[in-house]
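Chemist: Any chance you can model this:
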Amino acid sequence: MHKLKVLGLALVVIGALSAAAANSACAEYHINNAAGGSITASKKVINEFGTDVGTVKCSVSTFSGSLAAETAAILTVHPTYSGCTLGGLSVTISTAACSFILGGTVTPGLTAPVSVECGAGNIVIRDSLGLACEVKVPTQTPSGGVTFTSVAGGTVSVAAAVSNIKYSWTASCPSKTAAGGTSEPVNIGSIGTYSGEVTATGTKSGGGAAEIMVT
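Modeler: Numbers count the residues shown, from 1 in each chain. Just a heads-up that it's a prediction; the model follows:
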């Protein structure tokens with residue numbers, strides 16, 4: 001009887017592991033060109049970054065990356081933003097040394113994790129009026145991810161639902177005040193969210209449109 005119970009438990013564990021494996025797989029990013037090409041995504045639904053000092057909203061959000069071959073397991077894209085506000089305050093966003101890494105493991109519904117990687121420094125959101133308000137986002141892998149949906153014509157819709165984003169902000173930012181009014185980061189452990197949707201299109205390495213797909 002004891003042996004039967006052990007065998008039954010082993011079968012349950014194997015079944016659970018098999019189910020987990022079936023519910024996750026490695027994503028592949030495709031462009032319809034053997035020599036690869038570039039992928040560009042632009043705002044479909046406004047991208048928003050929720051913080052303790054207000055919501056960052058940008059009228060223009062663009063993401064660019066490239067594939068060296070027809071298929072890749074990881075896609076790296078560089079974000080650029082313009083026309084941005086933070087709680088109604090005009091801001092600029094510097095992303096010079098930073099990229100978003102779209103992971104290779106997806107869950108049902110083609111949702112993949114996303115990481116922030118900065119070669120040096122952080123993504124920096126800075127007010128345009130010289131008020132010393134800064135929000136800094138460092139290298140990290142937050143929760144959530146991006147969901148891919150293929151669209152007729154060879155484009156892909158990418159919807160972001162990311163949470164647990166670590167960032168710091170300075171006391172000069174709207175709605176927050178620190179003792180002494182210093183402009184040093186006063187809350188490094190803050191947790192933010194990111195949402196939005198973009199449409200991604202492909203271009204062949206030699207020029208001309210190319211269909212793209214995520215599987």
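Chemist: Every contact and neighbour count from this point should use C-alpha atoms.
Modeler: Noted.
Chemist: what residues are up against Ala160?
Modeler: Counting by Cα atoms under 8 Å, 6 or more residues apart in numbering, Ala160 makes contact with Gly145, Val146, Thr147, Tyr194, Ser195, Gly196, Glu197.
Chemist: Would you mind putting the residues you listed into TSV with secondary structure and neighbour count alongside?
Modeler: Conversion of the contacts of Ala160 to TSV gives the following (DSSP: H, G, I helix; E, B strand; the rest coil; neighbours: other Cα atoms under 10 Å):
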residue	secondary structure	neighbour count
Gly145	strand	22
Val146	strand	21
Thr147	strand	21
Tyr194	strand	20
Ser195	strand	17
Gly196	strand	19
Glu197	strand	22
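Chemist: between those residues, which is closest to Leu75?
Modeler: Distance to Leu75 across the contacts of Ala160 (Cα to Cα) is lowest for Val146, with 12.1 Å.
Chemist: So the closest one sits against Pro113, correct?
Modeler: Yes: using Cα atoms under 8 Å as the test, Val146 is close enough to Pro113 to be in contact (6.5 Å).
Chemist: Average pLDDT for whichever strand or helix holds Ser168, rounded please.
Modeler: Element membership for Ser168, per DSSP states H and E: strand 155-169. Strand 155-169 comes out with an average pLDDT of 95.
Chemist: same check, this time on stretch 94-108
Modeler: 90.
Chemist: Quick one: residues in contact with it.
Modeler: In contact with stretch 94-108 (Cα under 8 Å, 6+ apart) are residues 23-28, 73-80, 112-125, 146.
Chemist: do the same with stretch 192-209
Modeler: 31-33, 35-52, 154-167, 210-212.
Chemist: List buried residues within the residues you listed.
Modeler: For the contacts of stretch 192-209, a burial check counting by 16 or more other Cα atoms under 10 Å picks out 31-33, 36-44, 47-52, 154-163, 165-167, 210-212.
Chemist: on that earlier part again, the strand holding Ser168 pairs with which strands, parallel or anti?
Modeler: Strand pairing for strand 155-169, using DSSP bridges, gives strand 134-137 (antiparallel), strand 143-151 (antiparallel), strand 190-204 (antiparallel).
Chemist: Am I right that Ser66 is in contact with His78?
Modeler: No: counting by Cα under 8 Å, Ser66 stays clear of His78, with 9.9 Å between them.
Chemist: returning to that earlier point: can you select the buried ones among the contacts of stretch 94-108 for me in ChimeraX?
Modeler: In ChimeraX, this line selects whichever of the contacts of stretch 94-108 come out buried by 16+ other Cα under 10 Å:
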select :24,25,27,28,74,75,76,77,78,79,80,112,113,114,115,116,117,118,122,123,124,125,146
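Chemist: Can you name the residues bridging to the residue nearest the centre of the chain?
Modeler: Among the residues of the chain, the one closest to the centroid is Val114, at 4.6 Å (Cα atoms, centre = their mean). In this entry, Val114 is beta-bridged to Leu102, by DSSP bridges.
Chemist: dump the residue contacts of it.
Modeler: Phe100, Ile101, Leu102, Gly103, Thr141, Pro142, Gly144, Gly145, Val146.
Chemist: same question, Cys58
Modeler: Cys58 neighbours (Cα under 8 Å, 6+ apart): Ile46, Asn47, Glu48, Tyr81, Ser82, Gly83, Cys84, Thr85.
Chemist: So what are the sheet partners of the host helix or strand of the fifth one and their directions?
Modeler: Pointing back at Ser82 there. Assignment of secondary structure by DSSP H and E places Ser82 within strand 75-86. Taking DSSP bridges as the criterion, strand 75-86 sits next to strand 54-67 (antiparallel), strand 89-94 (antiparallel), strand 98-102 (antiparallel) in its sheet.
Chemist: Many thanks, we can stop here.
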